[in-house]
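Asker: Build me a model:
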Amino acid sequence: MNSDSTRIQILVVEDEAVLALDLAELLELEGYAVVGPAADGPQALALFRQHRVDLLLCDIRLQGPWD
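Answerer: Numbers count the residues shown, from 1 in each chain. Next comes the predicted model:
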């Protein structure tokens, strides 16, 4: 398995915890490195700034201030 520094990094933004964790688990099983999941826009932005993100998967209707 590749190290996190060489795997594609995917930021998951989803406010439904069960769905977010299931999606993260599936992505990791396929060999991707998952950043998050983030439950809202501010949390997603913070994670994006902290990590090298190659792809962002985002719910189109998030709870919180930045829907």
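Asker: pretty sure Pro37 is in a strand, no?
Answerer: Yes: under DSSP: H, G, I helix; E, B strand; the rest coil, Pro37 sits within a strand.
Asker: All further residue positions should be reported with the first residue as 38.
Answerer: Got it, the first residue is 38 from now on, which makes the last one we talked about Pro74.
Asker: what's the first-to-last distance across stretch 66-78?
Answerer: End-to-end span of stretch 66-78 (CA to CA, to the nearest Å): 26 Å.
Asker: Counting neighbours, show which residues of that stretch come out buried.
Answerer: Across stretch 66-78, burial judged by 16 or more other CB atoms under 10 Å covers Tyr69, Ala70, Val71, Val72, Gly73, Pro74, Ala75, Ala76, Asp77, Gly78. Backbone N, C-alpha and C define where each C-beta goes, glycine included.
Asker: ok, these vs Leu58, which is closest?
Answerer: Lowest distance from Leu58 to these (CB to CB) belongs to Pro74, with 7.0 Å.
Asker: List the contacts of that closest one.
Answerer: Val49, Val50, Glu51, Ala54, Ala57, Leu58, Leu60, Ala61 (CB atoms under 8 Å, 6 or more residues apart in numbering).
Asker: In PyMOL, select just the buried ones from those residues.
Answerer: Command for PyMOL, covering only those of those found buried under the criterion 16+ other CB under 10 Å:
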select buried, resi 49+50+51+57+60+61
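Asker: Sort out for me which of the contacts of Pro74 are in helices.
Answerer: Assigned to helices by DSSP state H, the following of these qualify: Ala54, Ala57, Leu58, Leu60, Ala61.
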